[in-house]
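Visitor: predicted structure and sequence below. I'll ask about it afterward.
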Amino acid sequence: MKLKKLISAMLVGTMVLSMTACGSESATDSTTETNSDAATTEEAAASDEATATGDDKLVVWTLAADLQQFADKYMEANPNVTIETVVIEPANYVTKVQTALNGGQTEPDIIVGEPQMLEDFYDAGYFEDLNQAPYNAQDYADQIVDYVWEVGQDSEGIQRAISYQITPAGIYYRRDIATEVFGTDDPEEIGKLFADYDTILETAQTLKDAGYRIFASDAEINYFSGDSAWVIDGTLNVDQGRYDYMDLCIELYQNDLTAYANQWSTPWYQAMAGEVPILTAEVQSYADDSVNVWDAEQFAEATADMDTTTVFAFGLPSWGVLTMRDNVQETSGKWGVCSGPSYGFGGGTFIGISSQSERKELAWDFLQFCTLNEDTANWWIEVSQGDTVSLIPVLEAHAEDANEIYGGQQLYKFWLEQAKGIDYSKVTRYDKAIGDAWANAITAIKQGEKTKDEAIQGFYDEVESTYPEITVNR
Amino acid sequence: MAKTWYNIKKGALYVALIALGLVCLLPFLMMIVNATRSGVEITRSFTLIPSTHLKENWVALFDYVNLFQGFWNSIKVAVPATILTAYFSAITAYAMAVYKFKGNGLLFKVIVVFMMIPGQLSLIGFYNLCQKLHMVNTYIPLIIPAIAAPGTVFFLRQYVQSALPKALLEAARIDGASEIHIFHKIVLPIMSPGIATMAIGAFIGNWNNYLVPLILLNSPEKMTLPVMISTLNAATDLQKNQGAIYLGVAISVVPILIVFCFCSKYIISSISAGSVKE
Amino acid sequence: MAKNQVAVKKKRNINNIAYLFVLPFVIVFLVFNVYPVLRTLYLSFTNYRGFGDAVWSGIDNYIRVLTDKFFWRSLWNTIKMWSLNIVLQLGIAFLLTIVFSDVKYRMRGLGVFRAVFYLPNLISATSVAFLFKTLLDWKYGSFNQMLLSIGIIDEQINWLGSSATAPWVISVIQTWMWFGNSFIMLMAGVQGISRDYFEAAAIDGAGRWTTFGKITLPLIRPIMLYVFITSLIGGLQLFDLPFLINGISGGTAGNPSGTLQTSVMYLYKFGFETNQVGYASAIAYTLFAIILIVSIIQFKTLGREDD
C-alpha cells in the first residue's frame, strides 16, 4: 500500500512538474492529454512565428568558445541584435550540424568548421557562396593571410568561410637550456637545429648527453610532417617527409631520447613548467631496500631522488602560446619560438553562413565583424592575451609587440612569416583516418610489435578498407 | 572453537568487502577533489588532496552556463521519463508474464531482438522522425519514448516469472478483484524490488543521457545538464575549464545519489528480514 | 479445485485485458524504436553519405563488410575484451550475491555496500578514462611507481600502450564499472524469492550450499538469463571506454596495433568520422546478426523453460 501511495504521489508530482514545465516554455506537455497532433503543430507554428518575427536575432553554432565573446562584443555595438551562441563540444559538433542542416533547419545562421571538416561541409552545400553579391568576399582577399583565405575556398575556388585567426606551427624551446647547451638562444640559430630530420636526431642526442630531453612526446613534429597531401587525384600519396617522420619517431623512442609523455597527458603539461619525475628501470634498486610504500614519508624519501628530466622543446601551432601561458609557471620568460623542419599548421576556426539561413544579411554583417574588422582584431589580440589573428594590417601593426613569456620575442612577426610558407593544399578530408592509421603503424614499429615492412603493408590495407575509392599503389 | 572460526571468516569477508568498496570510492573522491582544483593543477598532477580553487571553479562554471536552469531542465526530462518507464514497463511485463494472448511470444522475441541493435545508428532515423513530427527542440522525444523500454520490460518479465506466485492472483480473482485492481494492489508491491532496481537505472540513464538531447535541443536555455557541462569542453578553454567541469559533474551526481538512496529502500530485504535461524 | 473452475470460466475476459496493458508500450515502441531501426536498415542498402541523396546500392555494403578484414579484427578485439570482462564481472557479482544471501553469516550493510559498489557506474566514462590514463601511465603513473617500489616488477609496464596488456586492462576497468550493476540485478532476484522457500529448506535441514543450489539458483534463473543476455549485448557493443582511452592521447600514443578498436568504434569511424553512413549501417546490421546468433545460443542453453 505504501508503494501505491508513493506512485500516485509521484504521478501527481509529474503532472505538476510537466504543467509548470509547459507553462514556462510552451505547450509541450498538454500533448499527453489533448490531441497530440494538433498540439505539436500548434507548438511548431508558435516557435516558427517567434523566429520569423525576430529579424534582429542571429543563431550561431560553434565549437570554439571564442565566438561567444565575439557575439557579446557585437551585441554591445548593436544593441538591437540578439545573438544566440550555442557552444557545442568538438567531439560531436559535426554530427549535430549534419543532422540539423540535412533536416533542412533554417537555424543556425552561422556555422563554423575546422580545416579537416570543411571539405565535407562544402560538398554538402552547407555554406553560402560568399563571392556573390551582396557579400563580394573576393574584395577582401588581400587583407587576410593567404593560406587561411584559401582554406576557406571550396574545390572550385568559391569563398565559403573565413577565419579570424591563423595557426602556423612552431617549435617552442627553452632559451636557458639553449644557451647552456648550444651557446645561443637566438631563434634563427636554434631553428637550424630543427631544420631537417637528421639534424633533429643529432640535436636530441646532444641534449640527452647534457642531461635533457629534446621533446616530452615523440609526436611533437607531427604538425610539420608531410610535404604533400595524403591523397592526390584519388591516389594515396606517402611522400618522403612521412617516412622521415616515421623514422624520427622510431629513433626518438628506441634511443630513449624523449621523456615518454603522451601529448595532452598530465606529465606532458607538467613538462612545460620544468623538471618532471620519470620512472626508469634504475628505480628497481629501491626494491631491495624493501621500501614500505604504504608509509608516505618513507616512500617520498625513496622516490625523491628518482630520475627527473627537463624537456627542451614542444611543437605546437600558434595557439600553443595560450596553452604555454597557462602552464609555464616559473619557466615564464625562458621560452622562445623558432621554425620547424617545414611549414605546418593545426586547427583554426572558420566561420561561414548557413545556406539555409533566413537572415543572411545580418549573418554577413556578423561574419565581417569577426573576421574583416580591424578594431575587432585589435580587441581580440588584447582579450585573448596572444591569439594570432588573420588580418594582415593588424598583424603588421602588432609585429613589434614583445611577449614576455618568450623573453620579449616578437611573435606576431614570426607567425606572419611562418604563415606565408604554408601550403594549404595539403589538407584533405581523409587526413584524420589516414593520419591515425599511419600513427598506429609507427607505434607498432617503435614498440617492436611489427617490422617496418609489415606495418606499412598493414597501413595500406587499412587505407584501402577505409576508403575503397582511393587507389593504393604499394 | 567453531564460533571463533565463524567470526574470523565473517571478519575476513568484511575486510574483503570494504577493500572492494574503497576501490569503488576512488573515482568519486577524485572527482570531488578535482572540483576544488584549477584546470592547470588537474592536468599537471594527480592527487587526492583538495586544493583551494573551489570558488573560482564555481564562478567559472556559473559564468559559463546557467547550471540551475540545466538542473531544472534535466529534472523535467528525467523524472517523468523514469516514472513512465517504471509504470509502463511494469504493466507490460506483467501482462506478458501472466496472461496468455496472441502475439505474446512474438512481442517478447521482438523486444529481445531490438535490444541487440547498436543504438548509435538509429540516431539519424530518430532525428528524421522527430523532425517530421515537429518535435525538434522540445522535450517530447526525450520523455515519451520512455514508455517503451525493451530492456526494462525484459527484466521485469523475468522478475515476475521468478517472484510472483500465481496462486495469489487466483485468490484475488476469487475475491472478485478486477484485473487492473489486482495489478495495482497486489502485483505492484510484489514487483517493487525489481521496479526500484530498474528505476534507478532508468533515472541514471535519463539524467546522464547526452547524445540525443545534444542533437535534439537547439536553444541554450533548453539544454539539459550533461549537454550544458559538455560545452565547457569547447576547444579554446578546454584545459582552463577542467576544474569547472569536475565541479559540474560532481553537482550533477547529487540527484542520482538521492534517487539511489530513495529507491534502495524499496528493494526490500526480504532475505535478511525474515532469514532463517542458524 | 473449485478456484480453478471459476478461473477457467473467466479466462477469456481475463486474457483479453492483456492487450490493453501492452498497448501503450507497443504504440510507442513502433513509432520510436521500430521506425528508426527500419530506416537504418534501408540506409544499409544505399551509399548514403550523411548528406545529399541516398542512392540504392543493393547488397554491396554487406559484401564489403563480410570481406573487410578490419571489421573482423574489430569483432575479435571486442570478443577478447568481453570474454575476460564477463567472467570477472559475473563471477564477482555471483560471489557477492552468495555472501549477502547466506543465511548463516547474515552479512550486514547490504544497503551501503550495494550503493558503494554501484558508484563507479555513476561517473562519466570520460572521467574514468582520464583517471586510469593518469594512474596507469607508462613512465609517470602511480601504479607502476608502486609496483616498482615494492619490487613486484623490474621494469615499468606500458599498460595501456602495449597490445599485450591494453585489451585486458580495458576488461578489468569495464568489470570495475559494471560488477555493481550485475550484483544489484542478481540480488534483486534473490530478494524476490518468497521467504517460505527458505524456511521450508531450513526445516528440511538443508545446508547453505544445498539451499543455494537447489532453491536460489533455479528460482533466479530468469534473472540470470537477463543478466547474461544484457552483458552479452552490452559487451559486444563496447564503445565508450576504449574509444576514450585511445582518443584522449593523440599523436602516436594510443591504440597499440589497433587492438583496442571494437566493432562499434569501427562503426563509429564510418558513420561519424568518414561520412560513409550507408556502410556504417551495414556494419550495424552485421553486428546485430552476430549478437542475435550468440543470444539464441545462450537462450537455448540457459532459458530452456522460456518459450
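Guide: Everything's here; your move. Bear in mind that the values here come from a model prediction, so they are computed numbers and not experimental data.
Visitor: going forward, measure contacts between C-alpha atoms and count neighbours the same way
Guide: Noted.
Visitor: next, residue 88: phi, psi?
Guide: Let's take chain A. A:Ile88 adopts backbone torsions of phi -120, psi 140, taken as degrees, to the nearest 10.
Visitor: what's the answer for A:Pro134, then?
Guide: According to degrees, to the nearest 10, A:Pro134 has phi -90, psi 0.
Visitor: distance of it relative to chain C?
Guide: According to Cα to the nearest Cα, to the nearest Å, A:Pro134 and chain C sit 27 Å apart.
Visitor: where does pLDDT dip in the stretch 101-250 of chain B?
Guide: B:120-121, B:234-240 (pLDDT under 70).
Visitor: who in the stretch 351-474 of chain A is up against chain C?
Guide: Contact residues, the stretch 351-474 of chain A versus chain C (Cα under 8 Å from any Cα of the partner chain): A:430, A:433, A:439-444, A:447, A:449, A:462, A:465-466.
Visitor: and residue 157, how many neighbours?
Guide: This is for chain A. 11 (other Cα atoms under 10 Å in any protein chain shown).
Visitor: look at chain C instead
Guide: Neighbours of C:Ile157 (other Cα under 10 Å): 19.
Visitor: mind checking the backbone torsions on it?
Guide: Given degrees, to the nearest 10, the pair of backbone angles that C:Ile157 has is phi -100, psi 130.
Visitor: name the SS class of the closest residue to it other than its chain neighbours, please.
Guide: Excluding the flanking residues, the one nearest C:Ile157 by Cα to Cα, 6 or more residues apart in numbering or on different chains is C:Trp138, at 6.1 Å. Put simply, C:Trp138 is coil when judged by DSSP: H, G, I helix; E, B strand; the rest coil.
Visitor: tell me how chain B divides into domains.
Guide: Domain segmentation of chain B under automatic domain parsing yields B:2-53, B:65-233.
Visitor: still on that earlier bit, what sits against the residue nearest to C:Ile157?
Guide: Applying Cα atoms under 8 Å, 6 or more residues apart in numbering or on different chains to C:Trp138 gives the contacts A:Tyr260, C:Asn144, C:Gln156, C:Ile157, C:Asn158, C:Trp159, C:Leu160, C:Gly161.
Visitor: relative to B:Leu17, which of these is nearest.
Guide: Checking the contacts of C:Trp138 against B:Leu17 by Cα to Cα gives C:Asn144 as the nearest, at 24.8 Å.
Visitor: which bits of the stretch 1-150 of chain B sit near chain A?
Guide: Near chain A, when you scan the stretch 1-150 of chain B using Cα under 8 Å from any Cα, you find B:40, B:42-46, B:76, B:79-80, B:83, B:124, B:127-128, B:131, B:133-135, B:138-140.
Visitor: rewinding a little: ranking the domains of chain B by burial, who's on top?
Guide: Comparing the domains of chain B on average neighbours per residue, with mean count of other Cα atoms under 10 Å in any protein chain shown, the densest one is domain B:65-233 at a mean of 20.
Visitor: for that one, measure first residue to last.
Guide: From its first residue to its last, domain B:65-233 covers 12 Å (Cα to Cα, to the nearest Å).
Visitor: can you check stretch C:241-260 too?
Guide: Stretch C:241-260: ends 10 Å apart by Cα to Cα.
Visitor: swap in stretch B:172-180?
Guide: OK, stretch B:172-180 end separation, Cα to Cα: 12 Å.
Visitor: close to chain C, is that stretch?
Guide: Yes. Applying Cα under 8 Å from any Cα, one finds stretch B:172-180 touching chain C at B:Arg173, B:Ile174, B:Glu179.
Visitor: for stretch A:266-273, same thing?
Guide: Yes. Against chain C, stretch A:266-273 shows contacts by Cα under 8 Å from any Cα at A:Thr266, A:Pro267.
Visitor: for whichever residue of chain B sits closest to chain C, which non-adjacent residue is closest in space?
Guide: Closest to chain C within chain B is B:Gly125: 4.1 Å, counting by Cα to the nearest Cα. Distance criterion Cα to Cα, 6+ apart; nearest residue to B:Gly125, sequence neighbours excluded, is C:Pro36 at 4.1 Å.
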